[in-house]
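Trainee: sharing a model prediction with you, sequence too.
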Amino acid sequence: MKPVAFDYARPRTIADALELLDARPGAKILAGGQTLGPMLNLRLVQPELLIDITRITDLITVTETDDGVAIGACVTHASIEDGAIGGIASGHLDQVAAGIAYRAVRTRGTIGGSLTHADPAADWFAALLAFGAELEIAGTTGTRRIALDDFVKGAMETDLGPDELVTAVHIRKCGREARHGYHKICRKTGEFAEAIGAVTVEEKTGRFRLVAAGGSHAPVVFTDPSSLFRTADPLDVRSFDVDMTAAALRDAGMNADDYDLRLRAVAMQRAVKEAAQR
Ligand SMILES: Cc1cc2nc3c(=O)[nH]c(=O)nc-3n(C[C@H](O)[C@H](O)[C@H](O)COP(=O)(O)OP(=O)(O)OC[C@H]3O[C@@H](n4cnc5c(N)ncnc54)[C@H](O)[C@@H]3O)c2cc1C
């Protein structure tokens, strides 16, 4: 099958893109096209107009902010893999990017497209929930900033309005002592994850974010280690309890079978182990 006929526009500014979105309710945003392309081919979406936002300079720029970094929504996975976001988190996110699909997909796919699609198996989704990232969103009535935790409403469900555009991802710089871990379980290298564990631990501030994601279940974020570890140390991997964690995931509303719950708990344990070793 091939897509239905559609118009194509390539605005050069965010304002022009928003104007088009507002004027044409049947329009759809096109970023890297790595998800939208197949959806168009299968006619799962039948837009009147595609608004290609990849030539908008503000969206392909990485900017240092007072407390971290702002990554333009159209920055590709490949450019992050190649170091576009600098030394934030000591290259941890570069490695996450390198594990997405294969290089050809990474050269087109964008961080904003991935987060907007909100596939619970997607890598950025889990990795950036562990960082407590925020999204900047522009709409015809102004701009707003929202925590990724609040943006994501469920598997492939977000808070984004039909006339809105994700413009940037904000990541706060963690302290030097911060530890990060990420573990993706998939059958073949470069596939979407069956299970993901992603963690950030800042011992000085007591900040702890451990994410369970992957597969088709909406991710769960733990900010209190007490239901997962037998001791109070969130970097003591020997005290991380897979059974307790699987039960905690079920209590948190993850409606998965025992195998899936344990798979996530194991991914989380391996992420903690990686963080402890860094
Ligand atoms: C073979 C293959 C393997 C893959 N493997 C993985 C993997 O292992 N891990 C992984 O995480 N991902 C994987 N992906 C997905 C890939 O990472 C895509 O890049 C991502 O899902 C979508 O990003 P995109 O820029 O291509 O968005 P598009 O496909 O262009 O858009 C996706 C959706 O988001 C909307 N959108 C895009 N950008 C914006 C924006 N800024 N504001 C508002 N709406 C927007 C579009 O309208 C569309 O609905 C894979 C893809 C393929 C084709």
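Mentor: That came through, no problem. Numbers count the residues shown, from 1 in each chain.
Trainee: so what's the backbone phi/psi at Thr116?
Mentor: phi -70, psi -40 (degrees, to the nearest 10).
Trainee: okay but it is in contact with Thr158, surely?
Mentor: Yes - counting by C-beta atoms under 8 Å, Thr116 touches Thr158, with 6.5 Å between them. No exception for glycine: its C-beta is placed from N, CA and C like everyone else's.
Trainee: downstream of the worst-scoring helix or strand of the chain on mean pLDDT, the next helix or strand is which one?
Mentor: The helix or strand of the chain with the poorest confidence is strand 152-154; it has a mean of 88 (mean pLDDT, DSSP states H and E). Beyond strand 152-154 on the C-terminal side, the first helix or strand identified by DSSP states H and E is strand 157-158.
Trainee: how about Val45, nearest residue that isn't a chain neighbour?
Mentor: With C-beta to C-beta, 6 or more residues apart in numbering as the criterion, Val45 has its nearest non-adjacent residue at 4.9 Å, and that residue is Met39.
Trainee: can you count the residues close to the one you found?
Mentor: Counted with other C-beta atoms under 10 Å, residues neighbouring Met39 total 16.
Trainee: same question, Gly206
Mentor: By the measure other C-beta under 10 Å, the count of residues near Gly206 is 10.
Trainee: state the distance from the closest residue to the ligand within the stretch 151-278 of the chain to Asp94.
Mentor: Going by C-beta to the nearest ligand atom, the ligand is nearest to Val166 of the stretch 151-278 of the chain, at 3.8 Å. Using C-beta to C-beta, to the nearest Å, Val166 is found at 21 Å from Asp94.
Trainee: neighbour-wise, which of those two wins?
Mentor: Each of Val166 and Asp94 has its neighbours counted (other C-beta under 10 Å); Val166 has more, 26 against 19.
Trainee: could you report the neighbour count for His117?
Mentor: Look at His117: counted by other C-beta under 10 Å, it has 18 neighbours.
Trainee: just give the nearest non-adjacent residue to it, would you?
Mentor: Excluding the flanking residues, the one nearest His117 by C-beta to C-beta, 6+ apart is Thr35, at 5.1 Å.
Trainee: residue contacts, the one you found?
Mentor: Contact analysis of Thr35 by C-beta atoms under 8 Å, 6 or more residues apart in numbering lists Gly109, Gly113, Ser114, His117, Asp119.
Trainee: so for the residue of the stretch 151-278 of the chain closest to the ligand, what's the pLDDT?
Mentor: Reported pLDDT at Val166 in the predicted model: 98.
Trainee: surely it and Gly139 touch.
Mentor: No - using C-beta under 8 Å, Val166 is not in contact with Gly139, being 10.5 Å away.
Trainee: how about the closest residue in space to Arg187 that isn't next to it in sequence, what does it touch?
Mentor: In space, and not counting its chain neighbours, Arg187 is closest to Glu194: 7.1 Å by C-beta to C-beta, 6+ apart. Shown in contact with Glu194 (C-beta under 8 Å, 6+ apart): Ala121, Ile185, Cys186, Arg187, Gly214, Gly215, Leu263.
Trainee: distance between the ends of stretch 82-93?
Mentor: Taking C-alpha to C-alpha, to the nearest Å, stretch 82-93 runs 10 Å from one end to the other.
Trainee: so which bits of that stretch are buried?
Mentor: Using 16 or more other C-beta atoms under 10 Å as the test for burial, stretch 82-93 gives Ala84, Ile85, Ile88, Ala89, His92, Leu93.
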